[in-house]
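# just need the structure, nothing else, for what follows:
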Amino acid sequence: MSKIPLIGIVALAALIGGPAVAADMAVKAPPLPPPPVFSWTGCYIGINGGGLWAHKDWTGPLGNQVGDHNVDGGLFGGQVGCDYQAPGHVVIGIQGDYDGANATGSNSNLPTTHIYQTHITALSSVTGRIGYSWAQFLGYVKGGAAWERDGYSVAVLATGVVDQVFSETRNGYTLGVGGEYAFTNFLSGFVEYDYYGFGTRTDAFTNTGPLTFNINYRISETKNVFKAGLNLRWNATAMPAMTRN
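The predicted model follows:
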């Protein structure tokens, strides 16, 4: 057989097989990297609203219980904080919040001759929190220091005239649990329950009658708060697109 036809056959085979080999190489291109996973790392600022339910127990100057009433009402305010998500699912953070409140309560249990009244006007806290992330959902617990602003008054039962007043900023602690969901990379919503303990304090009320003098009451308080809110979140670098695990 002549060498010329053999060379022609080999060349023809190369021409026919070349496109198929190239197509096969294109199909076997390196796979795409896995999509990025949502991260809670970043800072936020937001608003919240809800309700508070407190219990005030008053002990009078003679050591007898004179006031025992619930205080309830609404609150509205804001919060600011930062989170860090460690490699994996654990998220740690710190948060400060402040809420204005309008919560009142009173009692006039017989045989007392007075009405004992409480008005809570503000509530704030600085807390740390730790949580576990399931992609866009974060469950967490929190705890830290708390403060509230209280106003008290004692009025004559027969006339309603206030004759003793006192106001204070009370400090204590708070423990809470909640859940937060990221609707987008930049917006999340949360609901939470918080318990507040403010202990017992001796308060020197000022008598507003013709003679000015102080009357001491020992007042103890515990408080429960339910609230929900929204957070506008941001990071030093843009958060990656969200995916479901």
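
# quick one, strands of this structure?
Counting by DSSP state E, the chain has strands at residues 42-59, 65-85, 90-107, 114-134, 137-156, 162-182, 187-207, 214-234.

# make a markdown table from these and add mean pLDDT and mean neighbour count to it.
Placement of C-beta: from N, CA and C, glycine included. Listed next are the strands of the chain as a markdown table, based on pLDDT from 0 to 100; neighbours: other CB atoms under 10 Å:
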| stretch | mean pLDDT | mean neighbour count |
| --- | --- | --- |
| strand 42-59 | 96 | 18 |
| strand 65-85 | 95 | 17 |
| strand 90-107 | 96 | 18 |
| strand 114-134 | 96 | 19 |
| strand 137-156 | 96 | 18 |
| strand 162-182 | 95 | 16 |
| strand 187-207 | 95 | 16 |
| strand 214-234 | 95 | 17 |
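
# tabulate those strands (a markdown table), appending distance to residue 31.
A markdown table is the format used below for those (distance: least, CB to CB, whole Å):
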| stretch | distance to residue 31 |
| --- | --- |
| strand 42-59 | 30 |
| strand 65-85 | 26 |
| strand 90-107 | 30 |
| strand 114-134 | 26 |
| strand 137-156 | 29 |
| strand 162-182 | 28 |
| strand 187-207 | 32 |
| strand 214-234 | 32 |
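
# quick one, domains of the chain?
Here the domain parsing of the chain from automatic domain parsing is 1-30, 42-234.

# start and end of stretch 205-224, how far apart?
26 Å (CA to CA, to the nearest Å).

# quickly list what residue 77 is bridged to.
Counting by DSSP bridges, residue 77 is bridged to residue 48, residue 99.
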